[in-house]
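>>> Here you go, sequence then predicted model.
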Amino acid sequence: MPKVPEGRTGRPTPGRLKPERPRDRLGRPMAWDAEGELHLEDYDSLSLEENHRLGVEHLSAGRFFPAHEAWETAWKQARDTDEAEFFKGLSQLGAGYVHLKRGNAHGAQALLRRGAGRVGRYPSPHRGIDTEALRARAEADALAVERGTLVPGEGAPLAPFEL
């Protein structure tokens, strides 16, 4: 197991919910001494509203791992509120598309369907998102993966998101 460089932590710290670690452009962890290809915002220091804004921005640009991270933090920030399931669903959708781009068909299908189910429980629009259209898109993409018409991998063709 690689040694964590001095001054870095592989575990969350009291002021930071996520460990700092270099990541490739699909969000996979890299060696601690590697030059990261993906630079993420410090989501823990941002408000729920700012994390949601970033999640929308990242998903719209096809940056699925940062979208997932932003919404996962918003989900934690919304814990014990009526909005927690909404942000959990958005986070799962981001993770589903990460799995799709990484070539994991099973993970993509499962997370896209779970996320679609959660987001689809909210009236459209909700927090500026057409929840019905996003739910339908995620379910269609999961079905396309299942049928083999959308092949997971970095080159998987995905239409832009219009949230």
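Sure thing, it's come through. Numbers count the residues shown, from 1 in each chain.
>>> Stretch 150-163: which residues count as buried?
Judged by neighbour count (16 or more other Cβ atoms under 10 Å), stretch 150-163 contains these buried residues: 150, 152, 156, 161, 163. In short, each C-beta sits where N, CA and C put it, glycine included.
>>> Contact partners for the second one?
Spelled out, it's Pro152. Pro152 makes contact with 99-105, 108, 145 under the criterion Cβ atoms under 8 Å, 6 or more residues apart in numbering.
>>> One more: the third one?
By Cβ under 8 Å, 6+ apart, the contact set of Ala156 is 100-101, 150.
>>> Which of those residues sits closest to Leu40?
Using Cβ to Cβ, the shortest approach to Leu40 within the contacts of Ala156 belongs to Lys101, at 16.3 Å.
>>> what's Arg118 in contact with, if anything?
When contacts are counted by Cβ under 8 Å, 6+ apart, Arg118 touches 85-86, 88-89, 92.
>>> Ala84 versus that one, what's the distance?
Using Cβ to Cβ, to the nearest Å, Arg118 is found at 10 Å from Ala84.
>>> Please apply the same query to Glu146.
For Glu146, the distance to Ala84 (Cβ to Cβ) stands at 28 Å.
>>> what's the following helix or strand after the helix or strand encompassing Trp75?
Per DSSP states H and E, Trp75 falls inside helix 64-77. As assigned by DSSP H and E, the chain's next helix or strand after helix 64-77 is helix 84-102.
>>> Any idea how far that following helix is from the middle of the chain?
From the chain centre to the centre of helix 84-102 is a distance of 4 Å (Cα atoms, centre = their mean, to the nearest Å).
>>> Would you mark the buried spots in it?
Neighbour-count burial for helix 84-102 [16+ other Cβ under 10 Å]: 84-102.
>>> any chance of the contacts of Arg118 in CSV, plus distance to Glu41 and pLDDT?
Converted to CSV, the contacts of Arg118 look like this (distance: Cβ to Cβ, whole Å; pLDDT from 0 to 100):
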residue, distance to Glu41, pLDDT
Glu85, 23, 98
Phe86, 20, 98
Lys88, 20, 98
Gly89, 21, 98
Gln92, 20, 98
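>>> so what's Ala34 closest to, chain neighbours aside?
Spatially, and ignoring its direct neighbours in sequence, Ala34 is nearest to Pro22 (4.6 Å; Cβ to Cβ, 6 or more residues apart in numbering).
>>> correct me, but that neighbour touches Leu40?
No. The criterion here is Cβ atoms under 8 Å, and Pro22 misses it with Leu40 at 10.5 Å.
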